[in-house]
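Engineer: Predicted model and sequence follow; I will ask about them next.
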Amino acid sequence: MPLLHPLWLAIDLFAALILIRAAIGKARDLAAFEGALDGYRLLPFWSLPAAKIGFPLIEAVVAAGLLIPPLRALAGYAAAGLLSLFAAAMAINLARGRREIDCGCGGPGSRQTLGWGLVVRNLLIAIALVAAALLAGPDIFWSEIPLAIVAGGSAFLLYLGLETLAALPRRAGPKQGLLEMTHGGVA
């Protein structure tokens with residue numbers, strides 16, 4: 001499928017950017033990430049210090065693999081496995097009724113509570129990574145790289161924008177007009 005080759009490259013780049021961002025975010029605040037891991041109540045307490053170092057390290061290594069041509073397929077499967085593992089951990093806690101814990105996704109300042117949207121997001125990215133690993137050939141054509149960079153980078157920027165919108169506080173009541181806000185609702 002040579003026509004789709006830039007798409008597979010773009011998927012790998014998109015996932016690599018997500019994993020790099022997550023690894024950096026977690027590494028910046030290891031204590032907060034350890035707290036997020038503890039909040040899931042899936043790992044034994046004694047394993048948390050190793051897990052808080054291990055997950056960002058694994059994410060960074062897998063992200064690098066997605067960018068190295070001979071390792072792309074293997075790294076794609078590994079990234080899909082990581083994202084599926086994260087989705088499963090979220091789904092288990094959602095099934096337990098535990099929505100208010102931090103997802104531990106690791107974006108700088110991006111505390112997100114659990115939701116089914118995060119589970120679906122991770123699974124869709126994992127499916128795309130498996131498709132890229134299965135269908136992409138080992139060859140990279142230099143002429144395809146600019147298109148893949150634009151597509152993967154644009155997808156990542158869209159991802160960041162949607163994540164930012166999702167993090168905005170929800171308004172509880174109907175919109176207030178400027179007059180009500182400045183005068184306490186007195187006409």
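Structural biologist: Received the coordinates, thanks. Bear in mind that the values here come from a model prediction, so they are computed numbers and not experimental data.

Engineer: going forward, measure contacts and count neighbours with C-alpha atoms only.
Structural biologist: OK.

Engineer: Buried residues of stretch 156-172, list them for me.
Structural biologist: Phe156 (16 or more other Cα atoms under 10 Å).

Engineer: likewise stretch 25-34?
Structural biologist: Gly25, Lys26, Ala27, Leu30, Ala32, Phe33, Glu34.

Engineer: Can you mark which positions in stretch 33-51 are buried?
Structural biologist: So for stretch 33-51, counting by 16+ other Cα under 10 Å, buried means Phe33, Glu34, Ala36, Leu37, Asp38, Gly39, Tyr40, Leu48.

Engineer: Check whether the fourth one really touches Leu48, as I assumed.
Structural biologist: Yes: with contacts counted by Cα atoms under 8 Å, Leu37 reaches Leu48, the gap being 7.0 Å.

Engineer: ok, which stretches of the protein are strands?
Structural biologist: Ranges of strands within the chain: none, based on DSSP state E.

Engineer: Which of the helices and strands in it ranks last by mean pLDDT?
Structural biologist: helix 178-183 (a mean of 51; mean pLDDT, DSSP states H and E).

Engineer: Tell me where the model's unsure across the protein.
Structural biologist: Scanning the chain for pLDDT under 70 picks out 1-4, 106-111, 137-140, 167, 169-187.

Engineer: The same query, at a cut-off of 80, please.
Structural biologist: Along the chain, the model assigns pLDDT under 80 to residues 1-6, 102-113, 136-144, 147, 162-187.

Engineer: What segments of it are helices?
Structural biologist: For the chain, the helices defined by DSSP state H cover 5-28, 30-40, 48-66, 72-95, 116-135, 145-167, 178-183.

Engineer: and the first one, what does it pack onto?
Structural biologist: Yep, that's helix 5-28 we're talking about. If you count contacts as 3 or more Cα pairs under 8 Å, 6 or more residues apart in numbering; DSSP states H and E, helix 5-28 packs onto helix 48-66, helix 72-95, helix 116-135, helix 145-167.
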